[in-house]
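Undergrad: build me a model:
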Amino acid sequence: MSEIKSPLFSLKSFRLRFGLLLTFGLWAVWTMRLNLNMAIPCMVKPKFASVSHGNSSLVSIAFSSAKCERSSGNLTVMGYNGDLDWSPSMQSLLFSASFYSSFVTAFFAGYIVDRFEPKKSLIAASLIYTMIGYLSPIIANHSFWSFFSLRLLLGLVDSFIFPCLNSLAARWFPRNEKATITGIYTSGIQLAAGGSSLISSFLCLSVFGWPSIFYFFAIMGTIWCILCGLLVTNWPQKSRFVNEDEKKYLELHTKSTKKISKNITMPWKEILLSKEVFACNFCNFSSNFVLNLNQLFLPTFLKEVLLLPMHYNGFYTMIPFCAEFLSKNTMGILSDYLKRTKGINATKLGKIFQSVSSFGSAIGLLLLVSIPTCERPSIAIPFMILYGLTFSCLSPGYYTSVISIAPAYTGTITSMGQILGGFGNLAAPLSLALTSYLEIENRWLIVYGTAACCQIVAGLIFLFWGSSEVLPWAEEKSVQQEQEKKVDENNGKF
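TA: Numbering: from 1, shown residues only. So this is what the prediction gives:
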């Protein structure tokens, strides 16, 4: 009997199109999560732009220059001419609101996804995201605290997105394709962070103003919800678009991704005490710190330190995320190719790529924050490219490990990672708020330096404890034995 073959990169491969669909979904959701970051400079009045009056707590003295004049009038000319009276502290509160509320659902979101159907949770969360997008301009003009409440609601549903996507990826893709597919569908983050900044900068300067930023991405969210309902299924065997050969191939190569019975006992002890799971979770914390620092505050850094006008700000903000997009897709394909053709151990490859991600991005961040000035802002470009190319190697690094070490419990492990990652999300806005409150000079250098140190520590932890192999307690045989044991116990009651 000949071996069934179904290559990922093929015109007949529906799972490739499924992966691209997840990419669009993550892009649509992530842009609605990030639209505030680029809209804020357009929404608030120039006097609240946190760069006037020579406040050294907000602009590092090390970067100041007599040739770089900072004033509210200059900001208006550069396109920062909003109409909302939101102070810097109020803006910081909005940025961190969704991260605080995400802790509430992070504890059980992944568990729900593993027990039930990820598709239903994904559609529900996406619909709420979209509703928030449509309501945001109206609520923002009406009341700051009402808008703050919307951001809290966004955080509550945010915790469901990645457990759903990772659970679907674990069910749909075999082991030798996971590095490639994680690179593909998580590229939605880079497309959102880079592309949305450019789109938002143009929408901000348009006759429709900053409200059009929220409406545009809400429309994209609506399209995603429709496509998700029509094309996404929890299992490839349930999809009417997958041909029989591909179904047989996936049935053969995704055996370890066995659906968890509602009666099975979750191996909490093994998950909580696993050093491999901890290594992934700490990398999640560190990468979230760095990612959110750039996604939330890179436009502000470019505005405050390099004094870039709005149209240049959008272009510069896009650069590191374009580099990430290029890197994560090529490195993921390279990783799976080396595993397939050279027989290189998956764990060894994961550690190599994660080391490049952690140590390389740390160097890029330190160079970015310490060398460019407002007189020579273009010097920042190669450092942002270096950061982007290395940072995204986390895709074939720790992120592939997340969906590999325990496929049947991917949602739960992802949710646990989001709890620790939530602290990473908060680290960026809180550290910047703290350095501003204490009027510490060179606050950008301190915050970016702290993020770089976290990356170095994460790289070392993954080198010692990381793994990309299915752990013994998560093998299909172990899951099946646990299910049979539970059935026997239930039968014994009658």
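Undergrad: please count neighbours and contacts with C-alpha atoms only from this point.
TA: Will do.
Undergrad: please list all residues in contact with the residue nearest the centre of the chain.
TA: The centre of the chain sits closest to Ile189, judged by CA atoms, centre = their mean, with a distance of 5.5 Å. Contacts for Ile189 (CA atoms under 8 Å, 6 or more residues apart in numbering) come out as 26-27, 30.
Undergrad: sort out for me which of those residues are in helices.
TA: Those of these mapping onto helices are 26-27, 30, per DSSP state H.
Undergrad: can you show me the helices along the stretch 351-494 of the chain?
TA: Secondary structure of the stretch 351-494 of the chain by DSSP state H, counting those that start in this stretch: the helices cover 380-391, 400-402, 410-437, 443-465, 476-491.
Undergrad: oops, could you answer that again for the stretch 51-200 of the chain instead?
TA: Secondary structure of the stretch 51-200 of the chain (DSSP H, counting those that start in this stretch): helices at 72-77, 88-106, 109-115, 118-142, 144-172, 178-185, 187-190, 196-205.
Undergrad: before we move on, back to that, with pLDDT added, can I get the ones in helices among the contacts of Ile189 in a markdown table?
TA: Shown next, in a markdown table, are these (pLDDT from 0 to 100):
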| residue | pLDDT |
| --- | --- |
| Leu26 | 94 |
| Trp27 | 94 |
| Trp30 | 90 |
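Undergrad: centre of the chain to stretch 450-464, how far?
TA: Offset of stretch 450-464 from its chain centre (CA atoms, centre = their mean, to the nearest Å): 18 Å.
Undergrad: cool, and stretch 116-130?
TA: 17 Å.
Undergrad: do the same with stretch 440-457
TA: For stretch 440-457, the distance to the chain centre is 20 Å (CA atoms, centre = their mean).
Undergrad: got it, and stretch 211-218?
TA: 20 Å.
Undergrad: list the buried residues in it.
TA: Residues 211-218 are the ones in stretch 211-218 that count as buried (16 or more other CA atoms under 10 Å).
Undergrad: not counting its own residues, what contacts that stretch?
TA: Outside stretch 211-218, the residues that reach it (CA under 8 Å, 6+ apart) are 28, 31-32, 35, 39, 129-131, 133-134, 136-137, 200, 203-204.
Undergrad: closest one to Glu270 out of those, please.
TA: Tyr129 (34.1 Å; CA to CA).
Undergrad: tally of neighbours for the closest residue to that closest one other than its chain neighbours?
TA: Spatial nearest neighbour of Tyr129, excluding adjacent residues (CA to CA, 6 or more residues apart in numbering): Leu154 at 6.3 Å. When neighbours are counted by other CA atoms under 10 Å, Leu154 registers 26.
Undergrad: confirm for me that Leu154 is in contact with Thr130.
TA: No. Assessed by CA atoms under 8 Å, Leu154 is found out of contact with Thr130, at 9.7 Å.
Undergrad: tell me the confidence at Ser206?
TA: pLDDT, Ser206: 80.
Undergrad: all further residue positions should be reported with the first residue as 293.
TA: Yep, numbering from 293; the last one is Ser498 now.
Undergrad: taking the buried residues of stretch 503-510 one by one, which sit in helices?
TA: Within these, residues falling in helices by DSSP H are 503-510.
Undergrad: what's the closest of the residues you listed to Ala672?
TA: Ile505 (26.7 Å).
Undergrad: where does the stretch 293-442 of the chain dip in pLDDT?
TA: 293-295, 338-374 (pLDDT under 70).
Undergrad: not counting sequence-adjacent ones, nearest residue to Ala744?
TA: Ala654 (4.2 Å).
Undergrad: Tyr477 now?
TA: Closest residue to Tyr477 in three dimensions, ignoring its sequence neighbours and counting by CA to CA, 6+ apart: Thr315, at 4.0 Å.
Undergrad: among the buried residues of stretch 503-510, which one lies nearest to Tyr691?
TA: Tyr691 has its nearest neighbour among the buried residues of stretch 503-510 in Phe509, at 26.7 Å by CA to CA.
Undergrad: what's the pLDDT at that closest one?
TA: 93.
Undergrad: from the ones in helices among the buried residues of stretch 503-510, which is closest to Leu590?
TA: Ile505 (18.1 Å).
Undergrad: so how far is Val524 from the closest one?
TA: 27 Å (CA to CA, to the nearest Å).
Undergrad: what's the answer for Ala485, then?
TA: 24 Å.
Undergrad: these two: which is more packed in?
TA: Ala485 (30 against 20).
Undergrad: contact partners for the more buried one?
TA: 322-323, 326, 587, 610, 613.
Undergrad: could you identify the most distant pair in those residues?
TA: Going by CA to CA, the pair spanning the contacts of Ala485 furthest: Trp322 and Met610, at 14.7 Å.
Undergrad: chain neighbours aside, what residue packs nearest to Ser647?
TA: Per CA to CA, 6+ apart, closest to Ser647 is Gly751, 5.3 Å.
Undergrad: from what I can see the one you found touches Gly642, true?
TA: No. Taking contacts as CA under 8 Å, Gly751 lies outside contact range of Gly642: 11.0 Å.
Undergrad: neighbour count winner among the two?
TA: The residue with more neighbours, out of Gly751 and Gly642, is Gly751; 29 against 26, by other CA under 10 Å.
Undergrad: quick one, what contacts the more buried one?
TA: 575, 646-647, 649-651.
Undergrad: quick check: it vs Cys575, distance?
TA: 7 Å.
Undergrad: ranking the helices of the stretch 643-786 of the chain by burial, who's on top?
TA: Mean neighbour count (mean count of other CA atoms under 10 Å) peaks for helix 692-694 among those, with a mean of 28.
Undergrad: any regions of the stretch 643-786 of the chain where pLDDT drops low?
TA: 768-786.
Undergrad: what's the burial count for the residue nearest to Val762 when sequence neighbours are not counted?
TA: Leaving aside its sequence neighbours, Val762 sits nearest to Ile697 (CA to CA, 6+ apart; 4.1 Å). Ile697 has 24 neighbours, counted by other CA under 10 Å.
Undergrad: how far away is Ile697 from Ile705?
TA: For Ile697, the distance to Ile705 - CA to CA - is 9 Å.
Undergrad: Gly475: which of the contacts of Ala485 is nearest?
TA: The closest of the contacts of Ala485, once distances to Gly475 are taken by CA to CA, is Phe613, at 13.2 Å.
Undergrad: how near is the closest one to Met558?
TA: 37 Å.
Undergrad: before we move on, back to that, closest to Cys685 out of the buried residues of stretch 503-510?
TA: Phe509 (27.9 Å).
Undergrad: Gln710 contacts Ser451, correct?
TA: Yes. Using CA under 8 Å, Gln710 is in contact with Ser451, at 7.1 Å.
Undergrad: okay, and the common contacts of the two?
TA: With CA under 8 Å, 6+ apart as the test, Gln710 and Ser451 both reach Ala398.
Undergrad: excluding chain neighbours, give the residue nearest to Gly487 in space.
TA: Leaving aside its sequence neighbours, Gly487 sits nearest to Met610 (CA to CA, 6+ apart; 6.3 Å).
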